[in-house]
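Undergrad: Test case, fold it:
(2 chains, ligands or ions: 1)
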Amino acid sequence: MPSQIEIIEEALFLPGAAGQLEAVLTYPESGNSVPNVLIAGPHPLLGGDFENNVVQQLSNLLAMCQMTTLRFNYRGVGLSEGEKVISTDNISQFLATSHIDEEENFGEDVASAGNYLQQHFGKIDCVIGYSFGAYLASKWADNNENVKSIVMISPTIEKHDYNPFMNLNIPKLVISSLDDFAVPLDDLNKLFSECKEPKKLIIENIDNHFFRGYENWLAKAIQEFLGDIP
Amino acid sequence: MDVKHHIFLTGATGLIGRYLLRNFLQDGHQVTVLIRPNKHQSVPERLNDLITFAQIPKKTSSQIQAIEGCLKDLALSSSDFNKIESCDMIVHSAASLSFHKNMNGEPWTTNLEGTRNLINVARKTGIKRWIQVSTAYVCGQQEEKVYEDDHNPASTQNDYESSKRAAEELITQQQDLDWTILRPGIVVGDSNSGYASTYQGIYHCLKSVAFMSRKIKPDNNGNKKLPIRYNLSGKEKTNLIPVDWVAEAITQLSLNPETINQYFHLTSQSPLLAETLVDAVQDYYELTGIEFIGKDAPQPEDKNIYEKIFDRETKRLGPYFQDDPDFDRSNLNKFLPGLEDFNVNKAFIHKLLDFAESDKWGKAENKTDKRKAGVDCNEFFEIYFPDAASRSKIARIKNLNISIGFKVHGDHGGGNWSCIIKKGDVVSVKEVSFLPDSLDVYYSTNHEIFEEIVTGAITTRDAFFKQHLQIDGDIEKALLLSVLLEDLLQEIPFKPTNQIRENICA
Ligand SMILES: NC(=O)c1ccc[n+]([C@@H]2O[C@H](COP(=O)([O-])OP(=O)(O)OC[C@H]3O[C@@H](n4cnc5c(N)ncnc54)[C@H](OP(=O)(O)O)[C@@H]3O)[C@@H](O)[C@H]2O)c1
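TA: Modelled structure (predicted):
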């Protein structure tokens, strides 16, 4: 990663369906900043906010590679408006079912952030979804022709429906660790083999679901993937 | 006539260093030691303890003086420099014994950068003679016999070995230093008394057997069986050597100018076999059951609780319980023909265990450690946590049923706590010797990070992302619970009653 490149992190609020969403736009201080990339983070009840190591580091590292990235907090997380996600009801429900009702609504937040990027840049070169965010990203990309490619990091295939992902025609990169607690390898291989081309799968044995210390490696893999897209 | 030296010694508070200090003082040399304060003791207090350990008459104590400092950041005053200037040799025994790189960059910061800083001091003060206490394991994993002047090291097995090797290379590249490299094997307690000042490395394994032995109930015939199948043949060699023997060798070699530019293995010629060690330990605790199933046998799939505990504790030891290389000792034998070899046998292992047991594995005299540390783990887990939880969201989550293991490690207070929450109620929290394998989630961190988390300086998530906090067990539950803990600490901040804190070498 070229570390000498200065980046600008612009804090902003963007309009969402349940109020304003807290977001950070990151781009290089000088030069062309394409492609532009949207990043959707993990489940807020499991600590998913835009300061997550993968979300934050990818947005900075990709900006150092001359990209523009947008990361945001789901409703009810951080300074984003909406009912606080960390509540006794939500936790009770999550303990009982591994899901919360609000989950599908977070998908609207991905769309809101995507709209913002689209309004300012005309298209979305790539949406990166990490963990639960991969589910939301694939669902959203399925309904939006302005999304040009998708990266799914540690997709939660055991818990969520990834059928929309199967039909996507855009270039797809899937990254997972061999020992990921949330990604059964056989299921991942099956999902991947059944989804449409163009596609690329990277499986490495690194730090379970978390990529701690491998953020640079992730950014490099994504940069290469985007570089290969004609 | 005997030449008297003035020695600048690092690592004097360590196991080997304190024996070196004792030897040098008893032989009438002057010693200036580099000491850093720790959480419990100031530099003068630590120096006092060393003088007591060295068993020198009070009047001789003028032979020793201390300089306060940490190798990572050697900010010495001009009076410190004056003290060092009168030294004619450096015996560099300080090192970080962390096997794997941790958050502070150890073992590299102390072992390599610290050595570099010390070289600069040597240069500024004109000291040429340098004794480097290294380790026999800089050779890495070797099948062949390893010679003392062998310069074809295999790939090392952990950061500790790599950093010690890098330090050796740094020293030997310095044209203006008259260096001697000394490489001990695995250093354990005193051959006469069994004394040890710390219980690291091989002691972890011994300690785990000691604790398990107390948990096992004898059968009808009064026999205790510890059912551990271990993936070794029993014939593996472990190069244990007593600290007094190593210190004697280092002392003699340091003072001999003919050892300049030479390497020495301070190892045993008849290393202990794993089966002898196990036999000695089983004998000591009146146990049977530890079984060697062969190095290449598949790992048992149905590991029992003792095997899991043993695995966890021996994991820290990494390669040192596998099979040691054969260390050639010709150079040592040539220079110190009179140094009697020692016999690491069953009786010696029993002596080590006797001492460790009487010292309660280091907890005997400093039982108050946890109280003295800035944040008292007991206070957090046993007082704050149940109380705060009962007043927080946790109490209102009626389907929260979870068992949690917290492990706080570090020299300066720590321990294991197991905690059970039923229907949102913290029904038990207790300190345990070992965390059972049956808990839902585990968190582990060191004492410094623990302090930062519970006092709100950093969040659990930050600590986790930076790999300062490890989680295990049901990962999803662990993530959820760490969000809850973070929320708890924000809602009801923890205010330790006792917050004396010295910054060790910030
Ligand atoms: N123990 C073994 O099995 C073994 C085997 C082969 C070689 N060695 C080598 O023998 C030497 C001594 O080991 P040991 O067994 O005596 O280890 P130890 O008991 O852990 O002592 C380490 C010593 O180094 C000091 N130290 C560590 N980091 C320091 C820093 N940043 N600044 C100043 N002092 C620092 C410690 O001071 P504090 O008390 O302030 O922490 C302590 O005095 C080391 O070089 C080690 O690599 C040890």
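
Undergrad: and the gap between A:Q119 and chain B?
TA: A:Q119 sits 32 Å away from chain B, going by C-beta to the nearest C-beta, to the nearest Å. Yep, even glycine has a C-beta here, placed from its N, CA and C like the rest.

Undergrad: Could I get the buried residue list for the strand or helix carrying that residue?
TA: Taking DSSP states H and E as the criterion, A:Q119 maps to helix A:103-121. Neighbour-count burial for helix A:103-121 flags A:103, A:105-118, A:121 (criterion: 16 or more other C-beta atoms under 10 Å in any protein chain shown).

Undergrad: Helices of chain A, start to end?
TA: A:53-64, A:88-97, A:103-121, A:132-142, A:163-166, A:185-194, A:215-228 (DSSP state H).

Undergrad: Go ahead and name everything in contact with the lowest-mean-pLDDT helix or strand in chain A.
TA: Lowest on mean pLDDT, DSSP states H and E among the helices and strands of chain A sits helix A:163-166, with a mean of 90. Identification of contacts with helix A:163-166 by C-beta atoms under 8 Å, 6 or more residues apart in numbering or on different chains yields A:138-139, A:141-142, A:150, A:152, A:155, A:172, A:191, A:194-196.

Undergrad: Kindly recompute the last result at 10 Å.
TA: With C-beta atoms under 10 Å, 6 or more residues apart in numbering or on different chains as the contact definition, helix A:163-166 has outside contacts at A:129, A:134-135, A:137-143, A:150, A:152, A:155, A:157, A:172, A:174, A:191-192, A:194-196, A:199.

Undergrad: buried subset of those?
TA: Buried members of the contacts of helix A:163-166, scored by 16+ other C-beta under 10 Å, are A:129, A:134-135, A:137-142, A:150, A:152, A:155, A:157, A:172, A:174, A:191-192, A:195, A:199.

Undergrad: Return the least confident helix or strand of chain A as CSV; C-alpha atoms alone will do.
TA: Provided in CSV are the C-alpha atoms of helix A:163-166 (Å, rounded to 0.1, in the frame of the first residue of the first chain):
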residue,chain,number,x,y,z
ASN,A,163,-30.1,-16.2,-3.2
PRO,A,164,-30.1,-12.7,-4.7
PHE,A,165,-26.4,-13.0,-5.0
MET,A,166,-26.7,-16.0,-7.3
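
Undergrad: in it, what's buried?
TA: A:F165.

Undergrad: what do you get for stretch A:19-34?
TA: Buried, per 16+ other C-beta under 10 Å, within stretch A:19-34: A:20-28, A:33.

Undergrad: I'd say B:K128 and B:L177 touch.
TA: Yes - look at B:K128 against B:L177 with C-beta atoms under 10 Å: they come within range, at 6.0 Å.

Undergrad: and these two? which has more neighbours close in?
TA: The neighbour count for B:K128 versus B:L177, taken as other C-beta atoms under 10 Å in any protein chain shown, is higher for B:L177 (21 against 15).

Undergrad: what residues does stretch B:47-64 touch?
TA: B:4, B:6-7, B:9, B:12-13, B:17-26, B:28-33, B:35, B:41-42, B:65-66, B:68, B:195, B:197.

Undergrad: repeat that with 7 Å
TA: Contact partners of stretch B:47-64, identified using C-beta atoms under 7 Å, 6 or more residues apart in numbering or on different chains, comprise B:12-13, B:18, B:21-22, B:25-26, B:30-31, B:33, B:35, B:66.

Undergrad: farthest-separated two in those residues?
TA: B:Q26 and B:I35 (19.4 Å; C-beta to C-beta).

Undergrad: who has more neighbours, these two?
TA: B:I35 (25 against 14).

Undergrad: now that one: how far from A:N169?
TA: Separation of B:I35 from A:N169 (C-beta to C-beta, to the nearest Å): 68 Å.

Undergrad: now swap in B:I181 and tell me
TA: From B:I181 over to A:N169 (counting by C-beta to C-beta), the distance is 64 Å.

Undergrad: Which of these two has more residues huddled nearby?
TA: Counting neighbours by other C-beta under 10 Å for B:I181 and for A:N169 shows that B:I181 has the greater number, 23 against 9.

Undergrad: For chain A, what is the nearest residue in the stretch 301-450 of chain B?
TA: Closest approach between the stretch 301-450 of chain B and chain A, counting by C-beta to the nearest C-beta: B:R396, at 4.4 Å.

Undergrad: For that residue, which non-adjacent residue is spatially closest?
TA: Leaving aside its sequence neighbours, B:R396 sits nearest to A:T88 (C-beta to C-beta, 6 or more residues apart in numbering or on different chains; 4.4 Å).

Undergrad: what's near enough to touch that neighbour?
TA: The contact partners of A:T88, by C-beta under 7 Å, 6+ apart, come to B:393, B:396-397.

Undergrad: Narrow those residues to those that are buried.
TA: The neighbour count (16+ other C-beta under 10 Å) marks B:393, B:397 as buried among those.

Undergrad: Serialize the contacts of A:T88 to TSV and add fields for pLDDT and distance to A:L45.
TA: Output for these, formatted as TSV (pLDDT from 0 to 100; distance: C-beta to C-beta, whole Å):
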residue	pLDDT	distance to A:L45
B:K393	93	12
B:R396	95	16
B:I397	96	12
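
Undergrad: For chain B, what lies in contact range of chain A?
TA: For chain B, the residues in contact with chain A (C-beta under 7 Å from any C-beta of the partner chain) are B:393, B:396-400, B:461, B:465, B:467, B:475-476, B:479-480, B:482-483, B:487.

Undergrad: Might you list the low-confidence residue ranges for chain B?
TA: B:1, B:58-60, B:103, B:153, B:312-313, B:315-321, B:364-374, B:411-413, B:497-506 (pLDDT under 70).

Undergrad: Mind naming the longest helix for it?
TA: Max-length helix for chain B by DSSP H is helix B:475-491.

Undergrad: and for that one, what are the contacting residues?
TA: So helix B:475-491 is in contact with A:45-47, A:86, A:91, A:94, A:181, A:208-209, B:388-389, B:392-394, B:402, B:404, B:440-441, B:454, B:456, B:459-461, B:464, B:471, going by C-beta under 7 Å, 6+ apart.

Undergrad: Going through these, which ones are buried?
TA: Buried, going by 16+ other C-beta under 10 Å: A:45-47, A:86, A:91, A:94, A:181, A:208-209, B:388-389, B:392-394, B:402, B:404, B:440-441, B:454, B:459-461, B:464, B:471, out of the contacts of helix B:475-491.

Undergrad: Out of these, name the ones that lie in strands.
TA: B:402, B:404, B:441, B:471 (DSSP state E).

Undergrad: hey, what's the residue nearest in space to the middle of chain A bridged with?
TA: Nearest residue to the geometric centre of chain A (C-alpha atoms, centre = their mean): A:G129, 2.3 Å. With DSSP bridges as the criterion, A:G129 is bridged to A:A40, A:M152.

Undergrad: tell me the contacts of it?
TA: A:G129 touches A:40, A:135-138, A:152, counting by C-beta under 7 Å, 6+ apart.

Undergrad: Next: B:T276.
TA: Counted by C-beta under 7 Å, 6+ apart, B:T276 has contacts B:K346.

Undergrad: Kindly report the same for B:A388.
TA: B:488, B:492.
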